[in-house]
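S.K.: sequence-free structure coming up:
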């Protein structure tokens, strides 16, 4: 009887965890879809030719570099810039950069949009935050970008998100703080909108601070 009760409790806990994960994942996708729809409306309104022309220029300028493919670089870059209502472009920033020549590609794209913007009367349409996901064939990572750049399979399987989470736990247990934080930072690069990674980092840093007292 005790064994039956114990097994039942374990099953219920597993079911609860799976349900919570599914709800969290569903909410994440809803927020991402809502963000991308709002961004599409903004681009349709401000860019000449709408989001279709915007994406056409993007994919003509941005592709994986060979260095990024060989290094298994994947993640979401947030392209931040402003185009005021008089079409003056500026305040260009790349948040969560992945390096390996990808930032240069994004800079070329931004420059190529000059002269293709519509005027406006409300400055709320002037600030753009565009999540761009870089992912390699035959690989899966978390996150959802407004536009996705898929690179050719590099010839080998890249490390998964689950791998970096497992490595984080192992390194944390061994008190290898720097390496553990590097594993978390890799996950943040892959999905900067996932608050779970920031919570893990905050919790871990707080734990380290307490241990040093």
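M.R.: Yes, it's here. What you are looking at is a predicted structure, and each value in this text was computed from that prediction instead of being measured. Residues are numbered from 1 along each chain as shown.
S.K.: so where's the protein uncertain?
M.R.: Using pLDDT under 70 as the threshold, the predicted model of the chain has low-confidence ranges 1-24, 213.
S.K.: any idea how it splits into domains?
M.R.: Partitioning the chain according to automatic domain parsing yields domains covering residues 29-151, 159-213.
S.K.: including mean neighbour count, could those domains go into CSV?
M.R.: In short, each C-beta sits where N, CA and C put it, glycine included. Below are the domains of the chain laid out as CSV (neighbours: other C-beta atoms under 10 Å):
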stretch, mean neighbour count
domain 29-151, 16
domain 159-213, 15
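S.K.: show the contacting residues for residue 131.
M.R.: Listed by C-beta atoms under 8 Å, 6 or more residues apart in numbering, the contact partners of residue 131 are 35-36, 76-79, 143-146, 192-193.
S.K.: show me which of the residues you listed is closest to residue 49.
M.R.: Minimum distance to residue 49 across the contacts of residue 131 is 16.7 Å, recorded for residue 146 (C-beta to C-beta).
S.K.: ok, the closest one touching residue 39?
M.R.: Yes. At 5.4 Å, residue 146 counts as touching residue 39 under the criterion of C-beta atoms under 8 Å.
S.K.: what sits in contact with each of those two?
M.R.: In terms of C-beta under 8 Å, 6+ apart, residue 146 and residue 39 are both contacted by the residues residue 130.
S.K.: what about residue 199, distance to residue 96?
M.R.: According to C-beta to C-beta, to the nearest Å, residue 199 and residue 96 sit 17 Å apart.
S.K.: now do the SS call for residue 149.
M.R.: Assigned state for residue 149: strand (three-state reduction, DSSP: H, G, I helix; E, B strand; the rest coil).
S.K.: where does the closest residue to residue 121 other than its chain neighbours fall, phi/psi-wise?
M.R.: When the adjacent residues along the chain are set aside, residue 121 lies closest to residue 85, with 6.2 Å between them (C-beta to C-beta, 6 or more residues apart in numbering). Comment: the main-chain dihedrals of residue 85 come out as phi -70, psi -10, following degrees, to the nearest 10.
S.K.: residue 82: which element?
M.R.: Secondary structure from DSSP states H and E places residue 82 in strand 75-83.
S.K.: can you say which helix or strand has residue 26 in it?
M.R.: Secondary structure from DSSP H and E places residue 26 in helix 2-46.
S.K.: and after that helix, which helix or strand comes next?
M.R.: Following the chain from helix 2-46 toward its C-terminal end, the next helix or strand by DSSP H and E is helix 50-61.
S.K.: show me what whichever helix or strand comes after that following helix is in contact with.
M.R.: If you walk from helix 50-61 toward the C-terminus, the next helix or strand you reach (DSSP H and E) is helix 66-70. Identification of contacts with helix 66-70 by C-beta under 8 Å, 6+ apart yields 98-102, 134, 136, 151-152, 154.
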